[in-house]
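# predicted model and sequence follow; I will ask about them next.
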Amino acid sequence: MTSGDGRRPFPWGPALLFCPADRPERYAKALDRADAVILDLEDAVDPQARPAAREALVAADLDPARVIVRVNPAGSDDHDADLSALAATPFRAVMLPKAERATDLAALAGYDVIALCETAAGVLAVPELARAPEVIALMWGAEDLVASLGGTSSRFPDGRYREVARHARSSVLLAAGAAGVDAVDTVHLDIADLDGLAAEAEDAVAVGFAATACIHPGQVETIRAAYRPDPAEVEAARELLEAAERAGGGVFRHAGRMVDGPVLAHARAVLRRS
């Protein structure tokens, strides 16, 4: 099934929560708090703990429809070991970090892949990655991106992203939209800064991201609230679409404003989120 814009529905809700794969005692709680859990075999796990993390992954008893597994980057020894463990599980959604070329996805045929574009090469390759048959979504990452450039900070002291990070975010979103796949916004590392998270999540909704990733259960409701349209917004969207049906096509006037195709698309997006 596809949505009205030809894109298949995003398979999860808007709040995707990372959980270290070497902490199996947290798996169920993380899944209970979020719309989907990202069991992380990469950055959240010390390399020495990854064998035990894979064992925990294989033993996990979780709803596979709401689990994403972040494996290690393609070309690494850990990547191959991660995929061997993954094959012994029912989990079929994978996040591939530091994706930089379509060939990085070669071993992931049969999986639904979120390509995480978080290096300079990955951001430049987003059009190619977005069109790979395995890819259902793109995500971007600010900190690894700046590290790949030899920099030290993705944000200004007041919390605003620096221009290179904003460029990467927009590039990922545009490439995803052009390819008809979804885009996931990156994490907000300041856990206590819920106002800043809310502002970023609200902006993500406004420009078309399908979800926002997070690193702490306390961030989930802030993300959900940002993505959830209020009842008045939903009712206005329904009224607009009903008016469009009555108008019979073409440009028309409704509630004092001109309505054309893009405005109707915005209304349909509100109803999808509701």
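Happy to help now that I have it.

# quick one, phi/psi of the nearest residue to Leu16 once chain neighbours are set aside?
Distances taken as Cβ to Cβ, 6 or more residues apart in numbering place Ala213 nearest to Leu16, at 4.7 Å, with adjacent residues excluded. Any C-beta I mention is one placed from the backbone N, CA and C, and that applies to glycine too. Main-chain dihedrals, Ala213, degrees, to the nearest 10: phi -80, psi 150.

# ditto for Tyr161
The phi/psi pair for Tyr161 (degrees, to the nearest 10) is phi -70, psi 140.

# who's in contact with it?
142, 154-155, 169 (Cβ atoms under 8 Å, 6 or more residues apart in numbering).

# tell me the pLDDT of it.
pLDDT recorded at Tyr161 is 96.

# please report how far it lies from Ser171.
As judged by Cβ to Cβ, to the nearest Å, Tyr161 and Ser171 stand 13 Å apart.

# what about the strands in the stretch 151-274 of the chain?
Using DSSP state E, counting those that start in this stretch, the strands found in the stretch 151-274 of the chain span residues 182-185, 211-214, 252-254, 257-259.

# also the stretch 1-150 of the chain?
Secondary structure of the stretch 1-150 of the chain (DSSP E, counting those that start in this stretch): strands at 15-20, 36-40, 67-70, 93-96, 112-117, 135-140.

# turn the strands of the stretch 151-274 of the chain into CSV, columns for mean neighbour count.
Putting those into CSV (neighbours: other Cβ atoms under 10 Å) gives the following:
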stretch, mean neighbour count
strand 182-185, 26
strand 211-214, 26
strand 252-254, 13
strand 257-259, 12
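
# how about Gln219, nearest residue that isn't a chain neighbour?
Once flanking residues are discounted, Gln219 sits nearest to Leu197: 5.8 Å by Cβ to Cβ, 6+ apart.

# hang on, I meant Glu55
The spatially closest residue to Glu55, leaving aside those adjacent along the chain, is Ala85, at 7.7 Å (Cβ to Cβ, 6+ apart).

# check contacts around that neighbour.
Taking Cβ under 8 Å, 6+ apart, one finds 54-55, 57-58 in contact with Ala85.

# quick one: which of the strands of the stretch 1-150 of the chain is nearest Asp80?
The closest approach between Asp80 and any of these, judged by Cβ to Cβ, belongs to strand 93-96 at 13.2 Å.

# about what we covered before: which residues touch the residue nearest to Leu16?
16-18, 38, 139, 184-187.

# buried ones only from those, please, as a ChimeraX command.
Burial among the contacts of Ala213 is assessed by 16 or more other Cβ atoms under 10 Å; the matching ChimeraX selection reads:
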select :16,17,18,38,139,184,185,186,187
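
# can you get me a residue count around Ala115?
35 (other Cβ atoms under 10 Å).

# identify the residues contacting the residue nearest to Gln219.
Contacts of Leu197 (Cβ under 8 Å, 6+ apart): 188, 190, 214, 219, 222-223.

# and with 6 Å instead?
188, 219, 222 (Cβ atoms under 6 Å, 6 or more residues apart in numbering).

# and what of Gly141?
The contact partners of Gly141, by Cβ under 6 Å, 6+ apart, come to 116, 118, 186.

# still on that earlier bit, can I get the strands of the stretch 1-150 of the chain in a markdown table including distance to Arg253 and mean pLDDT?
Converted to a markdown table, the strands of the stretch 1-150 of the chain look like this (distance: least, Cβ to Cβ, whole Å; pLDDT from 0 to 100):
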| stretch | distance to Arg253 | mean pLDDT |
| --- | --- | --- |
| strand 15-20 | 38 | 98 |
| strand 36-40 | 41 | 98 |
| strand 67-70 | 44 | 98 |
| strand 93-96 | 44 | 98 |
| strand 112-117 | 41 | 98 |
| strand 135-140 | 37 | 98 |
